[in-house]
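Peer 1: Provided below for reference: sequence and predicted model.
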Amino acid sequence: MSNSDDEFVQMSIDSYSTYDDDGHFGRDIPTKGGEFVRSRLEQYVADWLHDNGYNYEYEPCYSGPYVPDFVVGDVVIEVWGMTGNTKYDLKRQEKERWYSEQGVNLIGIEPENVDTLDNKLQKLNKVMES
């Protein structure tokens, strides 16, 4: 891993409050809906969903090899909080490919989307209405 990758990973890890000895990030950031999430970015998404009246599940049991961050109806929302890290990006590509093969309605949220969640999550309205 290059120095810039190391710095990016550290910045991403610092955005999480805690992680255990196995490197699993803790779920200790509260949301308006009352659950606890793993990152500030997940908190923003959960709070947006709550504020806009969406019923959602956080890290639900899901048929398949992956646990999505959020599920709203038949829409999966993945929060891509460590984009730019090579290993993370490869795993992301695997997840995106699998979701596509399954015909899953996927919305991906990256850190730069925080200020434009309204625009990014408008797809929810379209999918929920159909």
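Peer 2: Received it, and whenever you're ready, just let me know what you need. Residues are numbered from 1 along each chain as shown.
Peer 1: Is the nearest residue to V76 once chain neighbours are set aside part of a helix or strand, or is it coil?
Peer 2: Nearest residue to V76, sequence neighbours excluded (C-beta to C-beta, 6 or more residues apart in numbering): P68, at 4.3 Å. C-beta coordinates here come from the backbone N, C-alpha and C atoms, glycine included. Three-state call for P68 (DSSP: H, G, I helix; E, B strand; the rest coil): coil.
Peer 1: Next, find the distance separating P68 from C61.
Peer 2: Distance, P68 to C61, using C-beta to C-beta, to the nearest Å: 10 Å.
Peer 1: do W98 as well
Peer 2: According to C-beta to C-beta, W98 and C61 sit 16 Å apart.
Peer 1: Tell me where the model's unsure across this structure.
Peer 2: 1-25, 127-130 (pLDDT under 70).
Peer 1: so who does the residue nearest in space to the middle of it touch?
Peer 2: Nearest to the mean C-alpha position of the chain, by C-alpha atoms, centre = their mean, lies V79 at 1.9 Å. For V79, the set of contacting residues under the criterion of C-beta atoms under 8 Å, 6 or more residues apart in numbering consists of S39, L41, E42, V45, D69, F70, I109.
Peer 1: Touching, the residue nearest to V76 and D74? I think so.
Peer 2: No: the criterion here is C-beta atoms under 8 Å, and P68 misses it with D74 at 11.3 Å.
Peer 1: start to end distance for stretch 97-113?
Peer 2: From its first residue to its last, stretch 97-113 covers 21 Å (C-alpha to C-alpha, to the nearest Å).
Peer 1: Pull the residues that contact that stretch.
Peer 2: When contacts are defined by C-beta under 8 Å, 6+ apart, stretch 97-113 is touched by residues 41, 45, 64-66, 74-81, 83, 96, 117, 120-121, 123-124, 127.
Peer 1: and D69, how many neighbours?
Peer 2: 25 (other C-beta atoms under 10 Å).
Peer 1: Am I right that E78 is in a strand?
Peer 2: Yes: counting by three-state DSSP, one finds E78 located in a strand.
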